[in-house]
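Participant: pasting the sequence and the predicted coordinates here, then a few questions.
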Amino acid sequence: MTSLFDRRSFFRYSALTGAVLGGAGALAACGDDSSSSSGGSTPDGSKFGSVAVQLSWLKNIEFAGEYFADSKGYFKDAGFGSVNLIAGGAASTSVEAGLDTGKVWLGLSAPQTTAPAILEGLPAKIVGATYQKNPFCIVSAAGKPIKSPQEMKGRKIGVQDTNQLIFNALLTANGMKPTDVTIVPAQFDPTPLANGEVDGWVSYVTNEPITLAAKGFANANFLFADFGLPLVAETLTVTQSTIDKERDKLKAFLVAEVKGWKAAVADPAESARLAVEVYGKDQKLDLAEQTKEATAQNDLVLSADTAANGLLSMTDQLIEQNIAALRTAGIDIKAGQLFDLSILREVYAENPGMK
């Protein structure tokens, strides 16, 4: 868990400095393949050729839908010769930097990371959201549970340096100030919570609560998303050039993605096996833990809105909630600058049986 939250920094986009502002030439080359959009030949003989997709983190259970889409042949069925799933992580460059330089065709990111990059000049859009809720939570001991931001008042909360901004945004969204709580600088191992040194801990609901419980520490948690920060996560992000020049190719990819995630949420056990034994084999992941995390993340992937509108979709209301949440965090951006769900909506209109 030593680097668990490196990618979860609320503003992890420093790698974009310089690259975004000077990347017009790279973007002109990225996705400018009109022949693939019209079904022309590619080097591998497929309709759309090969593409690079950067994940937001190391290859664990979070990308089960992509694993299914690849292993079950959904990407190939959609016309791709291959889809190279590139692991993210602390040592990698950001998705936004990869899009800017043309090294990746599509990336999984988050609104709070993509929005600042767009404001600095990156022409990109979010075209879908895997997680309808972001996984940030406050985990606490079951014997002394913290069930809401208001219940944090006067208590000690372990907050990692990279998560100070999102924690402060949580406080602001709930009419609180940093002085209302005792913020304890923390690393990434939640042992201080288990030892009683703090009352609460900033974590991912799909990780620390599960790992702590596995070690015998009964716990409770509440999601930031349920208290004023309804940000989506694991967002599918592409350049504007891809939307403008490769719309059919992007739609084909989204079809495969939806199929992959439908299969993943239906089978957490197989999702975990693919993560542990195939795609994340070098991570030495625990099968039982990954299975529990797969089940837990289904609560983030599925919602009443996705039941009505399809996986990866976002309603106009959810989009506006995200814009408001970003504004709370000090990021002022318009919905049309950050989101374009029209492509995914076309996919569902053309394939109503996919919902």
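Facilitator: Structure received. Since we're looking at a predicted model, the values are computed, not measured. Numbers count the residues shown, from 1 in each chain.

Participant: doesn't residue 269 lie inside a strand?
Facilitator: No - if the criterion is DSSP: H, G, I helix; E, B strand; the rest coil, then residue 269 is helix and not within a strand.

Participant: okay, which residue is most central for the chain?
Facilitator: residue 234 (1.7 Å; Cα atoms, centre = their mean).

Participant: for that residue, helix, strand, or coil?
Facilitator: Residue 234 - assigned by three-state DSSP - is strand.

Participant: contacts only, for the residue lying closest to it once chain neighbours are set aside.
Facilitator: Leaving aside its sequence neighbours, residue 234 sits nearest to residue 130 (Cβ to Cβ, 6 or more residues apart in numbering; 3.7 Å). C-beta coordinates here come from the backbone N, C-alpha and C atoms, glycine included. Going by Cβ atoms under 8 Å, 6 or more residues apart in numbering, residue 130 touches 65, 108, 233-236, 261, 301, 311-312.

Participant: how about 7 Å then?
Facilitator: The contact partners of residue 130, by Cβ atoms under 7 Å, 6 or more residues apart in numbering, come to 65, 234, 261, 301, 312.

Participant: looking at these, which are in helices?
Facilitator: Applying DSSP state H to the contacts of residue 130, the entries found in helices are 65, 261, 301.

Participant: save the residues you listed as JSON lines, and put in distance to residue 193 and neighbour count too.
Facilitator: Listed next are those as JSON lines, based on distance: Cβ to Cβ, whole Å; neighbours: other Cβ atoms under 10 Å:
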{"residue": "65", "distance to residue 193": "31", "neighbour count": "25"}
{"residue": "261", "distance to residue 193": "32", "neighbour count": "26"}
{"residue": "301", "distance to residue 193": "27", "neighbour count": "22"}
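
Participant: which one of those is nearest to residue 53?
Facilitator: Taking Cβ to Cβ as the measure, residue 53 lies nearest residue 65 of the ones in helices among the contacts of residue 130, at 11.5 Å.

Participant: report the contact partners of that closest one.
Facilitator: For residue 65, the contacting residues are 130, 257, 260-261, 264, by Cβ under 7 Å, 6+ apart.

Participant: kindly report the same for residue 202.
Facilitator: Residue 202 touches 136, 138, 158-160, 163, 167, counting by Cβ under 7 Å, 6+ apart.

Participant: direction included, what does the host helix or strand of it pair up with?
Facilitator: Using DSSP states H and E, residue 202 sits within strand 200-204. Take DSSP bridges as the rule and strand 200-204 pairs in its sheet with strand 136-141 (antiparallel), strand 156-160 (parallel).

Participant: quick check: next helix or strand after that strand?
Facilitator: Using DSSP H and E, the helix or strand that follows strand 200-204 towards the C-terminus is helix 208-214.

Participant: which SSE is immediately downstream of that next one?
Facilitator: For helix 208-214, the following helix or strand on the C-terminal side (DSSP H and E) is strand 219-223.

Participant: between strand 200-204 and that next one, find me the angle.
Facilitator: Comparing the axes of strand 219-223 and strand 200-204 via axes from the mean of the first three to the mean of the last three Cα atoms, to 10 degrees yields an angle of 60 degrees.

Participant: coming back round to it: of the contacts of residue 65, just say which sits nearest to residue 104.
Facilitator: residue 257 (15.1 Å).

Participant: what sits against the closest one?
Facilitator: Contact partners of residue 257, counting by Cβ under 7 Å, 6+ apart, are 65, 69, 312.

Participant: does it count as helix, strand or coil?
Facilitator: Secondary structure, three-state DSSP: residue 257 is helix.

Participant: ok, it to residue 181 distance?
Facilitator: Counting by Cβ to Cβ, to the nearest Å, the separation of residue 257 from residue 181 is 39 Å.

Participant: ok, residue 67 next?
Facilitator: Noted for residue 67: a distance of 39 Å to residue 181, by Cβ to Cβ.

Participant: between the two, who's got more neighbours?
Facilitator: Counted by other Cβ atoms under 10 Å, residue 67 and residue 181 do not tie: residue 67 has more neighbours, with 23 against 20.

Participant: check contacts around the more buried one.
Facilitator: Contacts of residue 67 by Cβ under 7 Å, 6+ apart are 274-275, 278-279.

Participant: can you tell me the helix or strand for it?
Facilitator: helix 64-71.

Participant: roughly how far is whatever helix or strand comes next after that helix from the heart of the chain?
Facilitator: The helix or strand immediately downstream of helix 64-71 is helix 74-77, counting by DSSP H and E. Distance of helix 74-77 from the chain centroid (Cα atoms, centre = their mean, to the nearest Å) equals 22 Å.

Participant: residues touching helix 74-77, excluding its own?
Facilitator: Applying Cβ under 7 Å, 6+ apart, the set of residues contacting helix 74-77 from outside is 69, 83, 256, 259-260.

Participant: at 10 Å what do you get?
Facilitator: With Cβ atoms under 10 Å, 6 or more residues apart in numbering as the test, helix 74-77 has contacts from 46, 48, 50-51, 53, 65-66, 68-70, 80-83, 85, 252-253, 255-260, 262-263.

Participant: quick one, which of those are buried?
Facilitator: Neighbour-count burial (16 or more other Cβ atoms under 10 Å) applied to those gives 46, 48, 51, 53, 65-66, 68-70, 80-81, 83, 85, 252-253, 255-260, 262-263.

Participant: and residue 279, how far from residue 69?
Facilitator: To residue 69, residue 279 is 11 Å away according to Cβ to Cβ.

Participant: any common contacting residues for the two?
Facilitator: Shared contacts of residue 279 and residue 69 (Cβ under 10 Å, 6+ apart): 63, 85.
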